[in-house]
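Participant: Got a predicted model here, sequence first, then my questions.
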Amino acid sequence: FALIHVLVCEQGLDKLDVPFLRDRTSSPYLVGPDGLYLRDAASAKPLLWDEASGRAVPFDTPAVVPAVAGCFAVAGAVSVDADDVHREMGAVDGKTAYTMLVEHMKKYTPEWAAGVCDVPAATIRRIANEYLEAASIGATIDIDGRTLPLRPVAVTLGKSVNNGWGAFECCWARTLL
């Protein structure tokens, strides 16, 4: 979590792979005050903020420019819980899922982690920044005539981490990273 903290809280969005976050994750989805995605009242599709039109629209609306970060006023949305109960939300503020992640990760500083894992905060920051640099954000590679993002980094977990104390947290953090 401290590695993620460094990336999203200390480095910030302008250093991250924004096209990936915007187009391949739920980062732009708007989250309501109840912690659930805000959804279109007619289709129940998750909403995102379209920077082009300046309004909340269903995620699959053609030609949208999704905002990855921010808090936006949304009217007429619904939320749908795990039991498929639909609730009218009225006029609410919706935060992007990415913004919610940043807010959640603020408490997981390298200093916090140093007290838990005995790795110095400076080492945690160095590793996170090396990871970000090695990710080669913006670089591409040509494979079989297609230009693709070059992302030569990965995080893997061994059997002991997957089966031991804190395994859920390690696996979740690895997925987020």
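Facilitator: Received it, and whenever you're ready, just let me know what you need.
Participant: Going by C-alpha atoms from here, please, whenever you check contacts or count neighbours.
Facilitator: Noted.
Participant: Against which helices or strands is the longest helix along the chain packed?
Facilitator: In the chain, taking DSSP state H as the definition, the longest helix is helix 121-134. When contacts are defined as 3 or more Cα pairs under 8 Å, 6 or more residues apart in numbering; DSSP states H and E, helix 121-134 packs onto helix 2-5, helix 110-117.
Participant: For the helix or strand following that helix, give the mean pLDDT please.
Facilitator: Reading on from helix 121-134 to the C-terminus, the next helix or strand found by DSSP states H and E is strand 140-143. Mean pLDDT, computed over strand 140-143, is 96.
Participant: heads up, I number from 45, so please use that
Facilitator: From this message on, residue numbering opens at 45, which makes the last subject strand 184-187.
Participant: Can you list the helices and strands that strand 184-187 packs against?
Facilitator: Using 3+ Cα pairs under 8 Å, 6+ apart: strand 184-187 touches strand 190-193.
Participant: Can you give the strand pairings for the strand it packs on, parallel or anti for each?
Facilitator: In the sheet, strand 190-193 lines up against strand 184-187 (antiparallel) (DSSP bridges).
Participant: CA-only coordinates of the strand it pairs with in PDB, if you can.
Facilitator: Taking C-alpha atoms only, strand 184-187 is exported to PDB below (Å, rounded to 0.1, in the frame of the first residue of the first chain):
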ATOM      1  CA  THR A 184       5.400   2.200 -27.100                       C
ATOM      2  CA  ILE A 185       6.500  -1.000 -28.800                       C
ATOM      3  CA  ASP A 186       5.700  -2.400 -32.200                       C
ATOM      4  CA  ILE A 187       4.500  -6.000 -32.300                       C
END
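Participant: List the buried residues in that strand.
Facilitator: Of all the residues in strand 184-187, not one is buried under the rule 16 or more other Cα atoms under 10 Å.
Participant: right, so of the helices and strands packed on helix 165-178, which gets closest to H148?
Facilitator: helix 46-49 (9.1 Å; Cα to Cα).
Participant: quick one: contacts of that closest one?
Facilitator: Identification of contacts with helix 46-49 by Cα atoms under 8 Å, 6 or more residues apart in numbering yields 146, 149-150, 152-154, 156-157, 168-169, 171-172, 217, 220-221.
Participant: ok, now with 10 Å
Facilitator: Residues outside helix 46-49 that contact it (Cα atoms under 10 Å, 6 or more residues apart in numbering): 52-56, 145-158, 165, 168-173, 175-176, 217-218, 220-221.
Participant: of the residues you listed, buried ones?
Facilitator: Neighbour-count burial within the contacts of helix 46-49 applies to 52-53, 145-146, 149-150, 152-155, 157-158, 165, 168-169, 172-173, 175-176, 218; the criterion is 16+ other Cα under 10 Å.
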